[in-house]
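Asks: Kindly return the folded structure for what I paste below:
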Amino acid sequence: MEKYEIDGTPKTPTILFDINGGVLDIKGRSIPENSIEFYKPLVDALDKYSVATKSVTTVNIQLEYFNTSSSKCILDIFKKLESIHKSGSDVTINWHYEDDDEDMLEAGEDYQAIIGIPFKMVPVSE
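Replies: The predicted model follows:
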């Protein structure tokens, strides 16, 4: 398995996980009907990746909006990444947010406070 990819919809984000390159991108809106079911294949891909991680893992998150059930799944993904980080991969999370979206910045800061991985807050102009 070299890549894990889901095309985004108005309710779900685009997800591209380049396993060989150690890059995970999540972009768009996350308000799926069943967040656990939607994110489970990504969690499974991270489990497989954790067996043979790259020395550097880069995660780019650029969400316009996510609902409460998605926030729990995102936290689960970050916990998997934290375990990968503790096992020796240099994991960095780039949290992109629109520069006038204080709620999304605050959400990134909240995750950063919970997870032991370096976060970079990246403001994006609309």
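
Asks: Just want the phi and psi numbers for Tyr49.
Replies: Note on Tyr49: backbone dihedrals following degrees, to the nearest 10 are phi -60, psi -40.

Asks: I'd guessed it sits against Ile19; true?
Replies: Yes. Using CB atoms under 8 Å, Tyr49 is in contact with Ile19, at 5.5 Å. All C-beta atoms are positioned from the backbone trio N, CA, C, and that covers glycine.

Asks: out of those two, which sits in the more crowded spot?
Replies: Here Tyr49 and Ile19 are compared on neighbour count by other CB atoms under 10 Å; more neighbours surround Tyr49, at 22 against 18.

Asks: Direction included, what does the strand or helix carrying Thr92 pair against?
Replies: Element membership for Thr92, per DSSP states H and E: strand 90-98. According to DSSP bridges, strand 90-98 forms sheet pairs with strand 56-66 (parallel), strand 119-124 (parallel).

Asks: Run the chain-centre distance for the longest one.
Replies: Mean C-alpha position of strand 56-66 versus that of the full chain (CA atoms, centre = their mean, to the nearest Å) differs by 4 Å.

Asks: that older thread, with respect to burial, which of the strands paired with strand 90-98 scores highest?
Replies: Most buried of the strands paired with strand 90-98 by mean neighbour count (mean count of other CB atoms under 10 Å) is strand 56-66; its value is a mean of 18.

Asks: Could you identify the helix or strand that succeeds it?
Replies: Heading C-terminal from strand 56-66 (DSSP H and E), you reach helix 68-86.

Asks: and that following helix with strand 119-124, angle?
Replies: Angle of helix 68-86 versus strand 119-124, following axes from the mean of the first three to the mean of the last three CA atoms, to 10 degrees, is 130 degrees.

Asks: Is Ile117 in a helix, a strand, or coil?
Replies: Under DSSP: H, G, I helix; E, B strand; the rest coil, Ile117 falls in the coil class.
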